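**Q** here is a sequence together with a model predicted from it:
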Amino acid sequence: MKKVNLKGRDLLKMADFSADEINYLIDLGLEMKKNRDTKKAKKLSSKKPIVIMFQKTSTRTRCSFETSAYELGVGCTFLDPSSSQFGRKESVADTAKVLSRYYQGIEFRGFKQKDVEDLAKYASVPV
């Protein structure tokens, strides 16, 4: 597998990535899946967890992110519309800045592309 440096990059839309980068992500995912029960896979995690924030709920998306985090030894927090004031009482910018202090990454499933782009703009961690 050809090594590609994506450290700190946001994944907002596929058009932001080259064919080599997309192929690298696919190959990396396959390698991680193959090694998920080994110590090698567990070393990929850091001490900070990720946050999984949904405006638009999805059983499969939530389960896939939570299971993947668990298998890699990464903690995660799930926020849904009833447990977050995202975009209502708390601005997108404020939410991004606060979440960046506690988490190593933000996974967002929402209704508008602008929301995820604004999260990435104000977050200091990958979205």
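**A** Received, thanks.

**Q** please count neighbours and contacts with C-alpha atoms only from this point.
**A** OK.

**Q** tell me which residue is most central in the chain.
**A** Taking C-alpha atoms, centre = their mean, the centroid of the chain lies closest to Glu107, which sits 3.4 Å from it.

**Q** for that residue, phi and psi?
**A** The phi and psi torsions at Glu107 (degrees, to the nearest 10) take the values phi -100, psi 130.

**Q** go ahead and confirm it touches Thr61.
**A** No - between Glu107 and Thr61 there is no contact under C-alpha atoms under 8 Å: 10.2 Å.

**Q** distance of Asp20 relative to Leu11?
**A** Separation of Asp20 from Leu11 (C-alpha to C-alpha, to the nearest Å) stands at 15 Å.

**Q** same thing with Val74?
**A** For Val74 relative to Leu11 (C-alpha to C-alpha), the value is 19 Å.

**Q** give me every residue that touches the closest residue to the residue nearest to the centre of the chain other than its chain neighbours.
**A** Leaving out its chain neighbours, the residue that sits closest to Glu107 by C-alpha to C-alpha, 6 or more residues apart in numbering is Ile52, at 4.8 Å. Shown in contact with Ile52 (C-alpha atoms under 8 Å, 6 or more residues apart in numbering): 62, 65, 76-79, 106-108.

**Q** element containing Ile52?
**A** strand 50-54 (DSSP states H and E).

**Q** return the mean pLDDT over the lengthiest helix in the chain, rounded to an integer.
**A** What stands out as the longest helix in the chain, according to DSSP state H, is helix 19-34. For helix 19-34, the mean pLDDT works out to 86.

**Q** how about that helix: buried residues?
**A** 21, 24-25, 32 (16 or more other C-alpha atoms under 10 Å).

**Q** widest-spaced pair of the residues you listed?
**A** Greatest spatial distance in the buried residues of helix 19-34: Glu21 and Met32, 16.1 Å, computed using C-alpha to C-alpha.

**Q** kindly export the longest helix of the chain (C-alpha atoms) in CSV.
**A** Extracted C-alpha coordinates of helix 19-34, given in CSV (Å, rounded to 0.1, in the frame of the first residue of the first chain):
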residue,chain,number,x,y,z
ALA,A,19,-7.8,8.9,-6.7
ASP,A,20,-4.6,7.9,-4.9
GLU,A,21,-5.9,9.2,-1.6
ILE,A,22,-9.2,7.4,-2.0
ASN,A,23,-7.5,4.2,-2.9
TYR,A,24,-5.2,4.6,0.1
LEU,A,25,-8.2,5.1,2.4
ILE,A,26,-9.9,2.0,1.1
ASP,A,27,-6.7,-0.1,1.4
LEU,A,28,-6.1,1.3,4.9
GLY,A,29,-9.7,0.4,5.9
LEU,A,30,-9.3,-3.2,4.6
GLU,A,31,-5.9,-3.5,6.5
MET,A,32,-7.5,-2.2,9.7
LYS,A,33,-10.4,-4.5,9.4
LYS,A,34,-8.1,-7.5,8.9
